[in-house]
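In: need coordinates for the below:
(one chain, ligands or ions: 1)
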Amino acid sequence: MDGSWSEGVPAAVGGKRQQFGSRFLSDPARVFHHNAWDNVKWSEEQAAAAESRVQENSTQRVCQEKQVDYEINAHKYWNDFYKIHENRFFKDRHWLFTEFPELAPSQNQKDLLSENKRSEVPECRRSEDGPGLTTEQHGCSSDSLGGHKTQLPPVEENVTQTLSHLEICADEFPGASATYRILEVGCGVGNTVFPILQTNNDPRLFVYCCDFSSTAVELVQTNSAYDPSRCFAFVHDLCDEEKSYPVPGNSLDVIILIFVLSAIVPDKMQKAINRLSKLLKPGGVMLLRDYGRYDMAQLRFKKGQCLSENFYVRGDGTRVYFFTQDELDTLFTTAGLEKVQNLVDRRLQVNRGKQLTMYRVWIQCKYRKPVLSNTS
Ligand SMILES: C[S@@+](CC[C@H](N)C(=O)[O-])C[C@H]1O[C@@H](n2cnc3c(N)ncnc32)[C@H](O)[C@@H]1O
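Out: Sure, this is the predicted structure:
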């Protein structure tokens, strides 16, 4: 894996976190005085140079036979990645709580965990798909469901009708008795999930996480912090249209996508987001952080690594796409979600020892399912 991997940690300045930090480079002569600069403005020349670099490294495409291999065996390439790196590669993403307060509802918005009691999953058709765990197995007795006041928009009275097509029965999926449900897709080895579970001890919270790498999921399940009464990790390919998620539609408060959408082939992204959108409760949110167009990692690719426009394969067979804000907006709004946030984080990282500058571009999005939704 090349050195261009980074989780894109938003900066903290003076111990106090601001949106994407606030250390600005006003005097270029001071560039090597700090490790990173926030909200960097690109000059026209720099943008043009980036564009021409991308044109250059995209001229020669990977042959069709190899492309098919990278697609069919995508999970195997990620399995190999995790066999080598185990849980040492990505860092725990504690910064997510500042960026996305929805992930720490008991810390940030005390009532969120008990909100929307009316939106709990109603009676529905039985399915053979569900793992069939009972509420007792999750240690969440219904007594723990409080009658607190709600902070999210009120759920429409007709939600139960829109759920009539559900495949999973109300009390027969993991976390059925929880009142706040978070799903992380492409969870890797749990660098987001474990910080969430550690930050929230509230028994009304349940966290689902999936990845199509069985090696990664196994590392989550065997982590000493993995508690099946609060968390359910499962193998799932977000591009697989045949296999359903082990939760009913309209049942999740939050879905997290951290550097995962970029790992799938662009023509499968829309359907993957559509399917996820259906799982959100009305008022629920989808949170994303991912690579932006002309990020340093894109510029570093060599000729012959390009699969299609802005989509590349790394040396280890894993793939990465570089988004624009508009592309992400289209993906989410086409899935029936409304924009709450769509930001670009341009950071200048500095290697002071080697006197190197690295221009990073990440995009951060938050999209909400309308209370009156036609995607359910
Ligand atoms: C860059 S890693 C990010 C991991 C994790 N989200 C984190 O931030 O630490 C991308 C992850 O997406 C997973 N992934 C890629 N394509 C996927 C797919 N089609 N379905 C499910 N997971 C996928 C990979 O196995 C890998 O764990």
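In: and the strands in the chain, which stretches?
Out: Using DSSP state E, the strands assigned to the chain run over residues 12-13, 16-17, 36-37, 180-185, 205-211, 231-235, 252-258, 280-291, 306-308, 311-313, 319-321, 338-351, 356-368.
In: export those to a markdown table and tack on distance to the ligand and mean pLDDT?
Out: C-beta coordinates here come from the backbone N, C-alpha and C atoms, glycine included. Below are these laid out as a markdown table (distance: least, CB to the nearest ligand atom, whole Å; pLDDT from 0 to 100):
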| stretch | distance to the ligand | mean pLDDT |
| --- | --- | --- |
| strand 12-13 | 19 | 39 |
| strand 16-17 | 19 | 44 |
| strand 36-37 | 19 | 71 |
| strand 180-185 | 6 | 97 |
| strand 205-211 | 5 | 97 |
| strand 231-235 | 8 | 98 |
| strand 252-258 | 4 | 97 |
| strand 280-291 | 8 | 97 |
| strand 306-308 | 14 | 98 |
| strand 311-313 | 13 | 98 |
| strand 319-321 | 8 | 98 |
| strand 338-351 | 15 | 91 |
| strand 356-368 | 12 | 92 |
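In: give me the helix or strand of the protein that scores worst on average pLDDT.
Out: helix 159-162 (a mean of 30; mean pLDDT, DSSP states H and E).
In: report the beta-bridge partners for Y208.
Out: Beta bridges link Y208 to L183, F232, judged by DSSP bridges.
In: heads up, I number from 827, so please use that
Out: Sure, I'll start counting at 827 from here, so that last one is Y1034.
In: give the contact list for it.
Out: 1000-1001, 1007-1010, 1057-1060, 1071-1073, 1078 (CB atoms under 8 Å, 6 or more residues apart in numbering).
In: at 10 Å instead, please
Out: Y1034 sits next to 999-1001, 1004, 1007-1011, 1013, 1019, 1057-1060, 1062, 1071-1073, 1077-1078, 1081, 1105 when contact means CB atoms under 10 Å, 6 or more residues apart in numbering.
In: cool, and N1100?
Out: N1100 neighbours (CB under 10 Å, 6+ apart): 1067, 1157, 1160-1163, 1201.
In: and the residues you listed, which two are furthest apart?
Out: Greatest spatial distance in those: E1067 and L1163, 19.2 Å, computed using CB to CB.
In: follow-up on the earlier one: got a markdown table for the contacts of N1100, with pLDDT, neighbour count and distance to the ligand too?
Out: Shown next, in a markdown table, are the contacts of N1100 (pLDDT from 0 to 100; neighbours: other CB atoms under 10 Å; distance: CB to the nearest ligand atom, whole Å):
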| residue | pLDDT | neighbour count | distance to the ligand |
| --- | --- | --- | --- |
| E1067 | 95 | 12 | 12 |
| L1157 | 98 | 23 | 15 |
| T1160 | 98 | 13 | 19 |
| A1161 | 98 | 21 | 17 |
| G1162 | 98 | 18 | 21 |
| L1163 | 98 | 26 | 20 |
| T1201 | 58 | 17 | 21 |
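In: now the residues you listed in JSON lines, with distance to T1041?
Out: Formatted as JSON lines, the contacts of N1100 follow (distance: CB to CB, whole Å):
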{"residue": "E1067", "distance to T1041": "24"}
{"residue": "L1157", "distance to T1041": "28"}
{"residue": "T1160", "distance to T1041": "33"}
{"residue": "A1161", "distance to T1041": "29"}
{"residue": "G1162", "distance to T1041": "34"}
{"residue": "L1163", "distance to T1041": "31"}
{"residue": "T1201", "distance to T1041": "33"}
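In: now, which of these sits nearest V1033?
Out: L1163 (21.0 Å).
In: beta partners of the residue nearest to the closest one when sequence neighbours are not counted?
Out: With CB to CB, 6 or more residues apart in numbering as the criterion, L1163 has its nearest non-adjacent residue at 3.8 Å, and that residue is Y1193. Taking DSSP bridges as the rule, Y1193 bridges to M1112, K1165.
In: count of neighbours near Y1193?
Out: 26 (other CB atoms under 10 Å).
In: hmm, it is touching L1114, no?
Out: Yes - taking contacts as CB atoms under 10 Å, Y1193 lies within contact range of L1114: 8.0 Å.
In: verify the stated contact: V1187 with N1136.
Out: No - between V1187 and N1136 there is no contact under CB under 10 Å: 11.9 Å.
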